[in-house]
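Asker: With the sequence up front, the predicted model follows.
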Amino acid sequence: MEQVILVILGMLAVGSALGVVLMPSSIYSALMLLFNLISLANLFLMLHAQFIFAAQLLIYAGAILVLFLFVVTLLNPEGEHIFRDKRKLQRAGALTLGLVLLIILAGGLIYLITGGPSFDFAPDKPGAYPYGTVEAFGAGLFTQFLLPFELTSLVLLVALIGSVVLGKRR
Amino acid sequence: MNWGNLTEYVIKALIIALGLLGAFAYMTWFERRVVARMQNRIGPNRVGFQGLLQPIADGVKLIFKEQFIPKAAKKPVFIIAPMISLIVALSAFAVIPVGPASLNIFGAKPWLADLDIGILYALAVSSLAVYGITLGGWASGNKYSLMGAIRSAAQIISYELSLGLALLGVVVLAGSLNMNKIVEAQHRIWFFIPEIIAFVVYVVAAFAEVNRAPFDLPEAEQELIAGYHTEYSGLRFAMFFASEYINMITVSSIATTFFLGGWRPPFDLGPLELGPLWFILKIVVFMFLFIWIRATLPRFKYDRLMKFGWQVLLPLAVLNLVLTSIVVALTA
């Protein structure tokens, strides 16, 4: 049962990701992105990562994509489409980068299938929080991954101050 | 998961969906009657005893009305938008417990899902509500609708932060995101007493979140006709209308669960099995508050609304969270 749902969700995610690129109008691309984010969130849920599920919906679908939609509905850019783009250089660059990404992802997938690390969803030691819960996530964030976490917050702070400065400069 | 469980979920989901839709229908009657009283009128009292059949008559009327689609509308989005609104409004209610675990019918507990991330689920799902409004307004191909939609999106994103931060104070006190555990943690004292700042912030932000007066700028009739649902009629309008009222019920039930002890009777009077009745009573109190405020306060100006959200509510919510955390850390 879980396998079937996983496969269906995966197909939805890939299909909607294709839709983001191929849709004729940017508002439909944004909608497809919403669909994609929701499928991804549900994939996380199927993988027992409850917190990431909620965070994905709250932050990406609930806040960031709304801002995308904001811009799209206000500016209403029509006629921008990948197949109609005349700039040769940009098109070649996009194709190369896309190919590189595809190779990296395929490589990772092959590595995972042919004897990569295997994952165990049970807690490492007795008394630890089960995998994917908010508690396990928080404990990891404030012990093992404290430095990256603090560095990320620093980067976010810089971005915050930067946006205030840009907004004030008028 | 087996088929028995699945039927249980389906039946419970149907009960919740139909219950919420019924509650919506009678909310409209309640609101019209109460506002009429406050304005020294009588309100609808002709259809059935005291006008009690009025919502049914309205429903039938809306079903048989023509569903007009304007020429400038983007048809697929125009049709999907009200559906998104209604689906999101109905699904957010799934994690809210309406009674104690001891109250069960053939072993079926009085909640649909007992998630460990309970409140995060409710917040995550209701954060999608803005799509229905934004898309509906944009797809109408009408500048009033678009203005209403944009106002609404900005307002909902701004107030969502204060809303979530206010709830976090209670989460810190209860030590869990699970709705049942939060109700359990209030067996000695309801959280609106220690968390009074959070309670006030939450209620104000909730009014803004569901676009109700005095924060009903997205549908300010003097400037925007009816905002994002100007072009909608018939059943599609009913969907937008229903989702607004169901969102009101959902934010009220989250407030009840987090601050007013959920289904717990005051001072644990009487049997706990009467929980659902207390729960409904508390929600009715909130609904009355919504109506009362609507009949009392004039609408905010848009810039004031944004300023109030970012410069008053958000700092208050953060301050409350810091204070709560310090107290919890010291007493633990």
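Answerer: Great, that's in hand.
Asker: Can you tell me the closest non-neighbouring residue to the closest residue to chain A within chain B?
Answerer: Here chain B gets closest to chain A at one residue, B:Ser127, 2.8 Å apart by C-beta to the nearest C-beta. C-beta here means a position set from N, CA and C on the backbone, and glycine is covered the same way. Counting by C-beta to C-beta, 6 or more residues apart in numbering or on different chains, B:Ser127 lies nearest to A:Gly62, which is 2.8 Å off, once chain neighbours are set aside.
Asker: can you pull the contacts of the one you found?
Answerer: Going by C-beta atoms under 8 Å, 6 or more residues apart in numbering or on different chains, A:Gly62 touches B:Ala124, B:Ser127, B:Leu128, B:Val130, B:Glu160.
Asker: How many residues are close by the spatially closest residue to B:Glu195 that is not a sequence neighbour?
Answerer: Nearest non-adjacent residue to B:Glu195, counting by C-beta to C-beta, 6+ apart: B:Gly169, 5.1 Å away. Around B:Gly169 there are 28 other residues, counting by other C-beta atoms under 10 Å in any protein chain shown.
Asker: Enumerate every residue touching B:Gly169.
Answerer: B:Glu195, B:Ile197, B:Ala198, B:Ala317, B:Asn320, B:Leu321, B:Thr324.
Asker: Now do the buried residues in the helix or strand bottoming out on mean pLDDT in chain B.
Answerer: Ranked by mean pLDDT, DSSP states H and E, the weakest helix or strand in chain B is helix B:221-224, scoring a mean of 71. Neighbour counts over helix B:221-224 (16 or more other C-beta atoms under 10 Å in any protein chain shown) mark B:Leu224 as buried.
Asker: Show me what it is packed against.
Answerer: Helices and strands touching helix B:221-224, by 3 or more C-beta pairs under 8 Å, 6 or more residues apart in numbering or on different chains; DSSP states H and E, are helix B:143-174.
Asker: Go through the helix it packs on and flag the buried ones.
Answerer: In helix B:143-174, counting by 16+ other C-beta under 10 Å, buried: B:144-174.
Asker: rewinding a little: ramachandran angles for the residue of chain B closest to chain A?
Answerer: phi -70, psi -10 (degrees, to the nearest 10).
Asker: contacting residues for it?
Answerer: A:Leu57, A:Leu58, A:Ala61, A:Gly62, A:Ala63, B:Glu160.
Asker: Based on its surroundings, how many neighbours for residue 67?
Answerer: Picking chain A for this. For A:Leu67, using other C-beta under 10 Å, the count is 12.
Asker: That was the other one, I meant chain B.
Answerer: Neighbours of B:Gln67 (other C-beta under 10 Å): 14.
Asker: So the closest residue to it other than its chain neighbours versus B:Ala198, what's the distance?
Answerer: Setting aside the residues directly before and after it, B:Gln67 is nearest to B:Gly234 in space (C-beta to C-beta, 6+ apart), at 4.0 Å. Distance, B:Gly234 to B:Ala198, using C-beta to C-beta, to the nearest Å: 41 Å.
Asker: still on that earlier bit, wait, which of the contacts of B:Ser127 is closest to B:Thr28?
Answerer: Distances from B:Thr28 to those, taken as C-beta to C-beta, are shortest for B:Glu160 (26.0 Å).
Asker: List the contacts of the closest one.
Answerer: Counting by C-beta under 8 Å, 6+ apart, B:Glu160 touches A:Gly62, A:Ala63, B:Leu123, B:Ser127, B:Ala205, B:Glu209.
Asker: just B:Ser140 next, same as before
Answerer: Counting by C-beta under 8 Å, 6+ apart, B:Ser140 touches B:Pro70, B:Ala72, B:Ala73, B:Phe78, B:Leu146, B:Tyr228, B:Thr230, B:Glu231, B:Tyr232.
Asker: Could you do A:Ser39 as well?
Answerer: A:Leu9, A:Gly10, A:Leu12, A:Ala13, A:Ser16.
Asker: One more: A:Leu147?
Answerer: Listed by C-beta under 8 Å, 6+ apart, A:Leu147 has no contact partners.
Asker: So what's the predicted local confidence for A:Phe83?
Answerer: Looking at A:Phe83, its pLDDT stands at 59.
Asker: what's the helix or strand for B:Asn180?
Answerer: Per DSSP states H and E: B:Asn180 is located in helix B:179-184.
Asker: Now do that helix, average pLDDT.
Answerer: Helix B:179-184 shows a mean pLDDT of 83.
Asker: That one - contacts with which helices or strands?
Answerer: Against helix B:179-184 (3+ C-beta pairs under 8 Å, 6+ apart) you get helix B:118-126, helix B:143-174, helix B:234-259.
Asker: before we move on, back to that, farthest-separated two in the contacts of B:Ser140?
Answerer: Using C-beta to C-beta, the contacts of B:Ser140 span at most 14.9 Å, a distance reached by B:Ala72 and B:Tyr228.
Asker: Neighbour count for these two, which is higher?
Answerer: Shown here are B:Ala72 and B:Tyr228; by other C-beta under 10 Å, B:Tyr228 has more neighbours (33 against 11).
Asker: Help me confirm that B:Ala13 comes into contact with B:Ala94.
Answerer: Yes - assessed by C-beta atoms under 8 Å, B:Ala13 is found in contact with B:Ala94 at 7.5 Å.
Asker: which residues are in contact with both of these two?
Answerer: In terms of C-beta under 8 Å, 6+ apart, B:Ala13 and B:Ala94 are both contacted by the residues B:Leu112.
Asker: I'd like to know how many residues surround the nearest residue to B:Thr250 once chain neighbours are set aside.
Answerer: Once flanking residues are discounted, B:Thr250 sits nearest to B:Ala92: 4.9 Å by C-beta to C-beta, 6+ apart. Here the number of neighbours of B:Ala92 (other C-beta under 10 Å) works out to 26.
Asker: would you turn the contacts of B:Ser127 into a markdown table with distance to A:Ile104, secondary structure and pLDDT?
Answerer: Conversion of the contacts of B:Ser127 to a markdown table gives the following (distance: C-beta to C-beta, whole Å; DSSP: H, G, I helix; E, B strand; the rest coil; pLDDT from 0 to 100):
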| residue | distance to A:Ile104 | secondary structure | pLDDT |
| --- | --- | --- | --- |
| A:Leu57 | 27 | helix | 87 |
| A:Leu58 | 29 | helix | 86 |
| A:Ala61 | 26 | helix | 85 |
| A:Gly62 | 29 | helix | 82 |
| A:Ala63 | 28 | helix | 82 |
| B:Glu160 | 36 | helix | 86 |
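Asker: so B:Glu273 touches B:Ile105, yeah?
Answerer: No - using C-beta under 8 Å, B:Glu273 is not in contact with B:Ile105; the gap is 11.3 Å.
Asker: out of these two, which sits in the more crowded spot?
Answerer: For B:Glu273 versus B:Ile105, neighbours defined as other C-beta under 10 Å are more numerous around B:Glu273 (14 against 7).
Asker: For B:Leu103, see how far away the more buried one is.
Answerer: From B:Glu273 across to B:Leu103, the span is 5 Å (C-beta to C-beta).
Asker: do B:Met248 as well
Answerer: In terms of C-beta to C-beta, B:Met248 sits 25 Å off from B:Leu103.
Asker: do B:Glu66 as well
Answerer: Distance from B:Glu66 to B:Leu103, counting by C-beta to C-beta: 45 Å.
Asker: These two: which is more packed in?
Answerer: Using other C-beta under 10 Å as the criterion, B:Glu66 and B:Leu103 rank with B:Leu103 on top: 17 against 7.
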